[in-house]
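A.B. asks: Structure for the following, please:
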Amino acid sequence: MKKFLLTAIMVLVICLTASADKYSINRKDLPEPAQEFLTTYFPKGKVSMVKTDRHLFKKTDYDVKLVNGTKIEFNNKGEWTSVDCKTRAVPSELILKAIQRYVNKNFNGETIVRIDRKPLSFIIRLSDGSELKFDRLGIFQSMKMDD
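C.D. replies: Presented below is the predicted three-dimensional model:
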């Protein structure tokens, strides 16, 4: 009986901690909105990898890496949650005008190379390594310097 109980507990633990990750290079593995996003904002971007994260109790999310190094994360609905262009500028259409104005006014010459969309905020990273946090309306909240 002890052996059976121990085995059942081990199987349960393994099932709870396991997640099924799938790797691909096919855009068709993404939800339709994510495919449209890539076509609209990265029309010449070739996909080098699509990682599909399927979690047991959490919804599926998608990580897309382009050949040029850009990394884009999507939620289970195909909505972007993060765009990291490394050293290149994030497409300006993804950035609220209020955020663009703030960066242009206060960080002249710096480009936005990463943007994360959270439920209540946007976090952007500038080419100098600074991180800025804005609310959903684009109002500046805080700044964190890269050490």
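
A.B. asks: Let me know the secondary structure of residue 50.
C.D. replies: Three-state call for residue 50 (DSSP: H, G, I helix; E, B strand; the rest coil): strand.

A.B. asks: Do you have the strands of this structure handy? List them.
C.D. replies: Using DSSP state E, the strands found in the chain span residues 20-24, 47-54, 61-66, 71-74, 80-84, 112-117, 121-126, 131-135, 140-144.

A.B. asks: okay, and for this protein, where does confidence drop off?
C.D. replies: 1-21, 23, 25, 55-58, 146-147 (pLDDT under 70).

A.B. asks: at 50 what do you get?
C.D. replies: 16-18 (pLDDT under 50).

A.B. asks: Looking at the strands of the chain, which is nearest to residue 40?
C.D. replies: Closest of the strands of the chain to residue 40 is strand 80-84, at 10.7 Å (criterion: C-beta to C-beta). From N, CA and C alone the C-beta is placed, and that goes for glycine too.

A.B. asks: Neighbouring strands - and their directions - for the closest one?
C.D. replies: Taking DSSP bridges as the criterion, strand 80-84 forms sheet pairs with strand 71-74 (antiparallel), strand 112-117 (antiparallel).

A.B. asks: So residue 72 is in contact with residue 51, correct?
C.D. replies: No. Here residue 72 does not reach residue 51: they are 11.1 Å apart, not a contact under C-beta atoms under 8 Å.

A.B. asks: Residue 136: how many residues sit nearby?
C.D. replies: A count of neighbours around residue 136, defined by other C-beta atoms under 10 Å, yields 12.

A.B. asks: From residue 118, how far off is it?
C.D. replies: 9 Å (C-beta to C-beta, to the nearest Å).

A.B. asks: Touching, residue 76 and residue 52? I think so.
C.D. replies: No. Using C-beta under 8 Å, residue 76 is not in contact with residue 52; the gap is 10.1 Å.

A.B. asks: Which neighbours do the two have in common?
C.D. replies: residue 60 (C-beta atoms under 8 Å, 6 or more residues apart in numbering).
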